[in-house]
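>>> Give me a 3D structure for the following:
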Amino acid sequence: MTRWENYLLTTKKILDQYNGSLPLHHFLKTFFKSNPQMGSRDRKQISQLVYDYFRLGHWSRETMLREDRILIALFLCEETPNPVLEFFRPAWNAQIALSLTEKLQFLDLPSVSDIFPYADELSANIDPWAYSASFLRQPNLYVRARYNKLADITQLLEKAAIPYALAGETAIALPNGTKVDAVITDKSWYEIQDLSSQETGQLFQPAPKSYWWDCCAASGGKSILLKDIEPSVELLVSDVRTSILENLQRRFKEAGVKNFHAKVLDLTDDNVDHILPRTQFDNILLDAPCSGSGTWGRTPENLYYFDINKIGYYQSLQKRIAANVVKCLKPGGALIYITCSVFREENEEVLEYMVTELGLQAQQAGVIKGYDRAADTMFAARLVKV
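Numbers count the residues shown, from 1 in each chain. From the prediction side, this is the model:
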């Protein structure tokens, strides 16, 4: 058996064993650990085949032979010649540089719209075809330069011969998988943060010494962004998971973030306003738990195994959290509502609920498109308590 045939056989073995219950990268790590005979090149090529397979989402998933689907995925997703494709489909490999439209015509394939079969659930102004097609390309890795270090960072990237592109005043696009910490040794110079996530900061508008509550802080990326915009703000960060807050505090230390408090809180508790260190905040940042559908380009296995009933679950959770935290917002204060979802139920419908049921007034709101920029797609809104 050739190396390439073994790659295909191993890929099918992984697909037979994987059921979506774990993040794919964790599953692959465990799988390769139990198969130590595979070298780094083998692991990289097999991982590519597996991820490309999932990038086809729901397209022909029930009707096509698995081997054919793997090879078609490889042809559609990759842009440079590939030894596996050369072995099995040399004529395809010779056309690997074609555009997506040309590749579909070359193979006489239907539209890619079936990759993402939930077009009717999308937020306004999202192009269903373009969003489906975006799954065939892995998003970039984005770095946000801090403390006016953009020129210093790009100089280091050039010295290391790492390709990059400037994507904004402080945003740098890098090839996914770039070992940033090996090139930029001073961690305080940058944060790894998706382009769309960086752009949510345009809604913050923090006043000096204002008191903010980042109520679903997770790893703290948006809190660091907030403190970089206005270092004098006071800050409470909370999350329901103790381990996450411990990681956040380590990240804050690396980033030099000070003047903050951290607290483990369950925001579905209707009495959460009675257990806070203070009852009123100038502004609240609600980066709400959601389907994460705007980030599935990075984790395409989540699209493949998604249960559409989860949308309603997340909407109910978002409404409950919003109702609980808005009680702690001062009149005239802003609630910044953010999701990394592309679904209308988690975005516009929750926004409408906060306006009609919670008495907030929307100032700015809309989708932050990332699918046409090799980035995540998000929804962000700034609402004021009247």
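>>> what's around Ala73, how many residues?
23 (other Cβ atoms under 10 Å). Bear in mind the C-beta positions are built from the backbone N, C-alpha and C, glycine included.
>>> From Ile275, how far out is it?
With distances taken as Cβ to Cβ, to the nearest Å, Ala73 is found 49 Å from Ile275.
>>> and if you look at Thr377?
35 Å.
>>> Gln48 too?
Distance from Gln48 to Ile275, by Cβ to Cβ: 48 Å.
>>> Among these two, which residue is more densely surrounded?
Neighbour count, other Cβ under 10 Å: between Gln48 and Ile275, Gln48 has more, with 19 against 10.
>>> For the helix or strand where that one lies, name the packing helices and strands.
Per DSSP states H and E: Gln48 is located in helix 40-55. Judged by 3 or more Cβ pairs under 8 Å, 6 or more residues apart in numbering; DSSP states H and E, helix 40-55 is in contact with helix 3-17, helix 24-33, helix 66-77, helix 83-88, helix 301-304.
>>> Contacts for it next, please.
When contacts are defined by Cβ atoms under 8 Å, 6 or more residues apart in numbering, helix 40-55 is touched by residues 3, 7-8, 10-11, 14-15, 18, 24, 28, 32, 38, 69-70, 73-74, 76-78, 83-84, 115, 135-136, 138, 300-301, 303-304.
>>> buried sites along it?
Buried residues in helix 40-55, counted by 16 or more other Cβ atoms under 10 Å: 42-43, 45-55.
>>> cool, and stretch 269-281?
Applying 16+ other Cβ under 10 Å to stretch 269-281 flags 272, 276, 281 as buried.
>>> residues contacting the residue nearest to the second one when sequence neighbours are not counted?
The one in question is Leu276. Spatial nearest neighbour of Leu276, chain neighbours left out: Cys328 (6.3 Å); criterion: Cβ to Cβ, 6 or more residues apart in numbering. Contacts for Cys328 (Cβ under 8 Å, 6+ apart) come out as 213, 272-273, 276, 279-281, 284.
>>> Which two among the residues you listed are spaced furthest apart?
Spanning the widest gap among the contacts of Cys328 are Val272 and Gln280, at 13.5 Å by Cβ to Cβ.
>>> Run a quick neighbour tally on the residue nearest to Ala160 when sequence neighbours are not counted.
In space, Ala160 comes closest to Val183 once its chain neighbours are excluded; the distance is 4.8 Å by Cβ to Cβ, 6+ apart. Neighbours of Val183 under the rule other Cβ under 10 Å: 14.
>>> confidence score at the residue nearest the centre of the chain?
Closest residue to the average C-alpha location of the chain: Thr295 at 3.3 Å, with Cα atoms, centre = their mean. At Thr295, the model reports a pLDDT of 98.
>>> Quickly note the distance from it to Val233.
27 Å.
>>> Check the gap between Lys330 and Gln361 for me.
14 Å.
>>> Between those two, which is the more surrounded one?
Legend: neighbour count by other Cβ under 10 Å for Lys330 and Gln361, higher for Lys330 (15 against 12).
>>> which SS class is that one?
Classification of Lys330 by DSSP: H, G, I helix; E, B strand; the rest coil places it in strand.
>>> give me every residue that touches the closest residue to it other than its chain neighbours.
The shortest distance from Lys330 to any non-neighbouring residue, by Cβ to Cβ, 6+ apart, is to Gln280 (4.8 Å). Contacts for Gln280 (Cβ under 8 Å, 6+ apart) come out as 328-330.
>>> ranges for the strands of the chain?
141-145, 165-166, 171-174, 190-192, 211-214, 234-239, 260-264, 281-287, 329-339, 360-368, 378-385 (DSSP state E).
>>> Of the ones you listed, which is nearest Ile308?
Closest among the strands of the chain, using Cβ to Cβ: strand 329-339, at 16.5 Å.
>>> chain center to the closest one: distance?
23 Å (Cα atoms, centre = their mean, to the nearest Å).
>>> What strands line up against it, and which way round?
Next to strand 329-339 in the sheet, as set by DSSP bridges, lie strand 281-287 (parallel), strand 378-385 (antiparallel).
>>> Mean pLDDT added to the ones you listed, as TSV?
Below are these laid out as TSV (pLDDT from 0 to 100):
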stretch	mean pLDDT
strand 281-287	98
strand 378-385	98
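>>> could these be laid out in TSV, adding distance to Gln249?
As requested, the strands paired with strand 329-339 are exported to TSV (distance: least, Cβ to Cβ, whole Å):
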stretch	distance to Gln249
strand 281-287	17
strand 378-385	25
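>>> And those strands: which comes nearest Arg144?
strand 378-385 (14.8 Å).
>>> shouldn't Ala207 be in contact with Lys330?
No: Ala207 is not in contact with Lys330 according to Cβ atoms under 8 Å; the separation is 11.8 Å.
>>> okay, and the common contacts of those two?
Common neighbours of Ala207 and Lys330 (Cβ under 8 Å, 6+ apart) are Asp282.
>>> would you put the C-alpha positions of stretch 120-140 in PDB?
As requested, the backbone C-alpha atoms of stretch 120-140 are provided in PDB (Å, rounded to 0.1, in the frame of the first residue of the first chain):
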ATOM      1  CA  ASP A 120     -33.500  30.800   6.000                       C
ATOM      2  CA  GLU A 121     -32.100  31.300   9.500                       C
ATOM      3  CA  LEU A 122     -29.400  33.800   8.500                       C
ATOM      4  CA  SER A 123     -29.300  37.300   9.800                       C
ATOM      5  CA  ALA A 124     -30.100  40.200   7.400                       C
ATOM      6  CA  ASN A 125     -27.500  41.100   4.800                       C
ATOM      7  CA  ILE A 126     -25.600  37.800   4.900                       C
ATOM      8  CA  ASP A 127     -25.100  36.400   1.400                       C
ATOM      9  CA  PRO A 128     -26.100  32.700   1.700                       C
ATOM     10  CA  TRP A 129     -24.000  31.500  -1.200                       C
ATOM     11  CA  ALA A 130     -20.900  33.500  -0.100                       C
ATOM     12  CA  TYR A 131     -21.300  32.300   3.400                       C
ATOM     13  CA  SER A 132     -21.500  28.600   2.300                       C
ATOM     14  CA  ALA A 133     -18.500  29.100   0.000                       C
ATOM     15  CA  SER A 134     -16.400  30.600   2.900                       C
ATOM     16  CA  PHE A 135     -16.300  27.200   4.600                       C
ATOM     17  CA  LEU A 136     -14.000  26.000   1.900                       C
ATOM     18  CA  ARG A 137     -11.200  28.300   3.100                       C
ATOM     19  CA  GLN A 138      -9.700  28.300   6.500                       C
ATOM     20  CA  PRO A 139      -9.900  31.800   8.100                       C
ATOM     21  CA  ASN A 140      -6.700  33.700   8.800                       C
END
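>>> Perfect, I'm done here.
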